[in-house]
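Undergrad: Mind looking at a prediction? Sequence and model below.
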Amino acid sequence: MNNNLLKTATALSLVVLLSGCGLSQKERFEAFSAAYQQADFCTASNKILEEENVCEASVDDLDVEDYDLDAKLNAGTALFLSKKPELSNALFEQSALEIKEGLESNGLARGAVEVVANASLMDYNPMIMDGIYLHTYTTLNALALANKDEAKIQIQRAHESQVKAVEAYKKEIEEQKEAAKKESELDKLQEKAIGKNVTTALESYKGVSQFKGYADFVNPYMNYLSGLYYLTNAQDPASKENAVHEFKKVYGMLGKNSFVKDDLKTAESLADNKISSIDPTAWVIFENGMIANLDEFRIDLPVFIATDKVKTASLALPIPKEREEAYPNISISNGSKTVKTEVLTNMDNIFMGEFNKKLPSILFKAITKLTVQTIAQVAAQNKFGDLGGIAAAGYSVLTAGADTRSWYSLPKNIQLAKIKKSSDGQLKLTVGGQTLSVEVPAEGHSLIHVRVPYKGTVPTINVFGL
């Protein structure tokens, strides 16, 4: 085989290999979603990790370092809902470590490679919201294990993650701008064409731009859990002030949630020594529906091969796609009073708000890659003939897929309610017309966590002591 044919065969073999990897991943996540929709969370964990009987495994049985980051996040959620806090935390702890390392390196190591390869075939590049949200689950897992000291540690880590994430994001944007200037070997006309194509592609995202996240990537849910922890464990002035601080922050972001308003008033009364304790109370957290996920769409854009030659090429891009909530709200009754949940955090806003901030960078990388590959295709055709052109074209087509991975087992929104406990600890929870009995300790405070991914799915309920 001559040298030219060898190069062509190698290129085509790479195309086939890469194509196969992408399909396997897609099938794995589809199997996970099917089980998750049926509230069969153990099966969902098996599918996403490609293991058997994960729920029956010990922590030592899981090779947590070997799983993809996006698989760990989704499996960690499923295992939390399966009431397997140790297994769930093992995956989340490893995820937190990898996200921290990624923030410290700003995720720039893969930037240049994305120009010539499909990002979906590389390690999952997490969203900033991922690193913050996972601490809500590690905090809840700690409460499930009745380890309040660990819950406090997880709350503190969530705040640290948020600060580092904001700093890393700002630094990454600046470094990407500089990298784009230095790495581009295109002439002025090609650079101008890329800029024009970015503007054209942005037109396809008009519907997404209406979504705004909370300032500096803050997640009100995590801040609320922090305030609730300090409120129900307020043994000293510092804890009481921490509760006031967190609830003020959340109420400032929401403004309309009556339960947060009441919690803030209670925290201020404790801090001012107007009251010394709180009646036994149950708080309800309702994780509702499914967060928006990423879909793929393609648009045709002109690529300037030379000053007098233009070629049209197809570009695959990720675009957020909303999914339905399960129910508008749920209600809880103590026998004499009934309350309905109110929205605490809109996760779609957080997801799409962050996506909007990263969109210009996503588009610039994708269009630069498309331009480079189109130029390479013409060069391969000219130098190696039809086989060279076919190999380059095949590689371009099969590596053009958009990266649609995300932590898509999260809820669409998180809702909140609170109610005074009945003397016998019996409460009634109404979900989609179905009334369920929930038993909590008559004394002390409790957190009732309710997860309903889809309308009609059997509610998953966990009760934690606070």
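TA: Yes, it's here.

Undergrad: can you give me the strands in the stretch 201-350 of the chain?
TA: Assigned by DSSP state E, counting those that start in this stretch, the strands in the stretch 201-350 of the chain fall at 281-288, 293-306, 309-321, 331-333, 338-340, 342-346.

Undergrad: Columns mean pLDDT and distance to Leu416 on top of those strands, output as JSON lines?
TA: (Glycine included, C-beta is placed from N, CA and C.) Putting the strands of the stretch 201-350 of the chain into JSON lines (pLDDT from 0 to 100; distance: least, CB to CB, whole Å) gives the following:
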{"stretch": "strand 281-288", "mean pLDDT": "98", "distance to Leu416": "6"}
{"stretch": "strand 293-306", "mean pLDDT": "76", "distance to Leu416": "24"}
{"stretch": "strand 309-321", "mean pLDDT": "76", "distance to Leu416": "25"}
{"stretch": "strand 331-333", "mean pLDDT": "98", "distance to Leu416": "11"}
{"stretch": "strand 338-340", "mean pLDDT": "98", "distance to Leu416": "10"}
{"stretch": "strand 342-346", "mean pLDDT": "96", "distance to Leu416": "4"}
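
Undergrad: Just say which of the ones you listed is most tucked in.
TA: Counting by mean count of other CB atoms under 10 Å, strand 281-288 has the highest mean neighbour count of these, with a mean of 24.

Undergrad: what inclination does that strand have with respect to strand 342-346?
TA: When axes from the mean of the first three to the mean of the last three CA atoms, to 10 degrees is applied, the directions of strand 281-288 and strand 342-346 differ by 50 degrees.

Undergrad: where does the closest residue to Leu49 other than its chain neighbours land on pLDDT?
TA: Leaving out its chain neighbours, the residue that sits closest to Leu49 by CB to CB, 6 or more residues apart in numbering is Ala75, at 5.2 Å. Looking at Ala75, its pLDDT stands at 97.

Undergrad: Ala75 belongs to a helix, doesn't it?
TA: Yes: assessed with DSSP: H, G, I helix; E, B strand; the rest coil, Ala75 lies in a helix.

Undergrad: related to what we said a few turns ago, between the strands of the stretch 201-350 of the chain, which one is nearest to Phe217?
TA: Closest of those to Phe217 is strand 342-346, at 12.5 Å (criterion: CB to CB).

Undergrad: Which neighbouring elements make contact with the closest one?
TA: Judged by 3 or more CB pairs under 8 Å, 6 or more residues apart in numbering; DSSP states H and E, the packing partners of strand 342-346 are helix 220-232, helix 237-254, helix 258-271, strand 413-420.

Undergrad: As TSV, these with mean pLDDT and distance to Cys42 would be great.
TA: Compiled in TSV, these are given as follows (pLDDT from 0 to 100; distance: least, CB to CB, whole Å):
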stretch	mean pLDDT	distance to Cys42
helix 220-232	95	25
helix 237-254	93	34
helix 258-271	96	33
strand 413-420	98	24
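
Undergrad: Can I get the helix or strand harbouring Thr136 in PDB? Just the C-alpha atoms.
TA: Thr136 is part of helix 128-144 when elements are defined by DSSP states H and E. Output in PDB follows, covering the C-alpha atoms of helix 128-144 (Å, rounded to 0.1, in the frame of the first residue of the first chain):
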ATOM      1  CA  ILE A 128     -20.400  25.600  36.700                       C
ATOM      2  CA  MET A 129     -23.800  24.700  38.100                       C
ATOM      3  CA  ASP A 130     -22.800  21.100  38.200                       C
ATOM      4  CA  GLY A 131     -20.100  21.700  40.800                       C
ATOM      5  CA  ILE A 132     -22.400  23.700  43.000                       C
ATOM      6  CA  TYR A 133     -25.500  21.500  42.700                       C
ATOM      7  CA  LEU A 134     -23.800  18.300  43.600                       C
ATOM      8  CA  HIS A 135     -23.200  19.600  47.100                       C
ATOM      9  CA  THR A 136     -27.000  19.800  47.600                       C
ATOM     10  CA  TYR A 137     -27.000  16.000  47.200                       C
ATOM     11  CA  THR A 138     -23.900  15.400  49.300                       C
ATOM     12  CA  THR A 139     -25.500  17.600  52.100                       C
ATOM     13  CA  LEU A 140     -28.700  15.500  51.900                       C
ATOM     14  CA  ASN A 141     -26.700  12.300  51.800                       C
ATOM     15  CA  ALA A 142     -25.000  13.400  55.000                       C
ATOM     16  CA  LEU A 143     -28.400  14.100  56.600                       C
ATOM     17  CA  ALA A 144     -29.600  10.700  55.500                       C
END
